[in-house]
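# Starting from these lines, generate the structure:
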Amino acid sequence: NNNNNNNKMDVRGKGKGKVNEEQMKLLKECLTRPLSIPEHNALAALCTDLCNAQLEIDKSSQQPPSSSPPPQASGGALQASPPQHLLLSHFPPSALPSLVEQNPTLASHVLSLPIPLTPYLLTLSKLPLSLRSMEVVSRLASRLPLSEPHPSTFLRVYITNCLTSCASIPDRYLQSRAVRLVCVFLQSLLRDSGREVVMEVGVEVQAFCIEFSRIREAATLFKMIKSQHPG
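Residues are numbered from 1 along each chain as shown. Just a heads-up that it's a prediction; the model follows:
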């Protein structure tokens with residue numbers, strides 16, 4: 001029994017870019033259920049191995065990794081040279097919402113890998129408001145070059161969608177809860193690398209805070225915005 005348990009935990013392949021049946025199963029199941037810690041660690045390591053193997057192939061062929069998104073296949077899967085193709089075919093942008101909700105830490109890891117980020121940022125910016133999507137966006141914002149157009153636009157769009165989503169929630173209790181989450185999220189961005197992007201939509205954020213001034217976190221966020229941008 002112990003051997004069987006160990007086999008289930010250690011699902012990494014013996015060589016970079018190679019995937020066994022258990023790994024293939026996890027690649028599919030991570031979109032439909034939360035993974036255990038051993039499963040998460042094994043799958044995160046596999047994703048890293050696949051990208052590293054692709055980098056080695058690109059290096060050996062003296063062709064740097066493409067910075068543009070790979071073309072869409074007819075079935076919606078992304079086309080790329082193996083072994084990165086395996087990773088992208090299981091985690092195309094359309095699969096990101098499911099991955100974020102089921103396994104946000106793994107989603108953050110995949111987005112930290114050397115893959116074409118632009119289509120993923122577009123999908124991420126349109127995700128429904130949730131604690132897990134904010135968790136992934138916050139982690140991503142902490143490492144992206146937000147001075148560049150694509151990353152800053154992604155974050156700006158996501159923030160705006162969060163503000164709009166809160167205003168459209170009919171249930172007062174659920175709305176208050178969502179407002180608190182968004183305010184804490186924005187406070188975190190203000191303290192970290194997302195400050196400039198938040199200030200770009202400062203007028204909208206201040207209006208949001210005034211609308212929900214009855215909520216303590218909104219009042220705190222309003223003070224933070226005003227202290228960094230008086231007047």
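
# Ramachandran angles for F91?
phi -120, psi 60 (degrees, to the nearest 10).

# these two touch, right, it and V110?
Yes - if you go by C-beta atoms under 8 Å, F91 and V110 touch, sitting 5.6 Å apart. Backbone N, C-alpha and C define where each C-beta goes, glycine included.

# need the longest helix for the protein.
Secondary structure of the chain per DSSP state H: the longest helix is helix 37-60.

# elements contacting that helix?
Under the contact criterion of 3 or more C-beta pairs under 8 Å, 6 or more residues apart in numbering; DSSP states H and E, helix 37-60 touches helix 2-9, helix 21-29, helix 84-90, helix 104-111.

# Low-confidence stretches in the chain?
Applying pLDDT under 70 to the chain flags residues 1-18, 62-83, 146-149, 229-231.

# which SS state does the residue nearest the centre of the chain fall under?
Geometric centre of the chain, nearest residue: V136, 4.0 Å, by C-alpha atoms, centre = their mean. Put simply, V136 is helix when judged by DSSP: H, G, I helix; E, B strand; the rest coil.

# For N103, see how far away it is.
Distance, V136 to N103, using C-beta to C-beta, to the nearest Å: 10 Å.

# L27 now?
In this structure, L27 and N103 are 11 Å apart, going by C-beta to C-beta.

# more crowded one of these two?
N103 (23 against 18; other C-beta atoms under 10 Å).

# Let me see the contact set for C166.
By C-beta atoms under 8 Å, 6 or more residues apart in numbering, the contact list for C166 reads L129, Q175, A178, V179, V182, F208, F212.

# isn't the fourth one right up against I215?
Yes - under the criterion of C-beta under 8 Å, V179 is in contact with I215, at a separation of 5.2 Å.

# So these two - more neighbours on which side?
A count of neighbours by other C-beta under 10 Å puts V179 above the other of V179 and I215, at 24 against 17.

# roughly how far apart are that one and M24?
Using C-beta to C-beta, we find V179 at a distance of 42 Å from M24.
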